[in-house]
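**Q** Have a look at this prediction, sequence included:
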Amino acid sequence: MTERVELTAEAIEAIALRVAEVLRDEPTTAGKRLLTAAEVADLLNVARATVYEHADELGAQRLGHGRRGRLRFDHDTALNAWARRTTPFEPAPERTTTRRRTTASRAGLLPIRGQEAA
């Protein structure tokens, strides 16, 4: 049988603060916070897709397992790689999203309480 533990409001607050602190922590290298692909894109004034295309050249570090792990970059490494490039990085085209058109449904509307359906 499992022992039941009751938490005080103070204990719950302390747990919540600790969870928020852990979630706020960013991966670091030698005390420096690593940058996201979006932050590197802003830093280098390129599209985020360009950063992903040249992630290895920019010194990306993959967090997690598998090929879809999140990428993080050291600020200085990314800037040095950008400065050392022999040919400019070709900016990747910005992705455009197409919006799906919705068509009017043939089904009638459900009535709102106290009103008839349209």
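**A** Yep, that arrived. Computed from a predicted structure; not experimentally measured.

**Q** which residues of this structure score low on pLDDT?
**A** For the chain, applying pLDDT under 70 flags the ranges 1, 21-31, 86-106, 116-118.

**Q** All the helices of it, residue numbers only.
**A** 9-24, 37-44, 48-53, 75-84 (DSSP state H).

**Q** Of those, which is nearest residue 111?
**A** When the helices of the chain are compared by C-beta to C-beta, helix 9-24 sits nearest residue 111, at 43.3 Å. Every C-beta, even on glycine, is put in place using the N, C-alpha and C of the backbone.

**Q** Quick one: residues in contact with the closest one.
**A** Defining contact as C-beta atoms under 8 Å, 6 or more residues apart in numbering, one finds that helix 9-24 is touched by residue 7.

**Q** Please identify the buried residues of stretch 73-84?
**A** Buried residues in stretch 73-84, counted by 16 or more other C-beta atoms under 10 Å: 73-74, 77-79, 81-82.

**Q** Any chance of JSON lines for those, columns distance to residue 67?
**A** Output for the buried residues of stretch 73-84, formatted as JSON lines (distance: C-beta to C-beta, whole Å):
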{"residue": "73", "distance to residue 67": "17"}
{"residue": "74", "distance to residue 67": "21"}
{"residue": "77", "distance to residue 67": "21"}
{"residue": "78", "distance to residue 67": "20"}
{"residue": "79", "distance to residue 67": "26"}
{"residue": "81", "distance to residue 67": "21"}
{"residue": "82", "distance to residue 67": "24"}
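
**Q** In these, find the pair that's most separated.
**A** Checking the buried residues of stretch 73-84 with C-beta to C-beta, the most distant pair is 74 and 82, at 12.3 Å.
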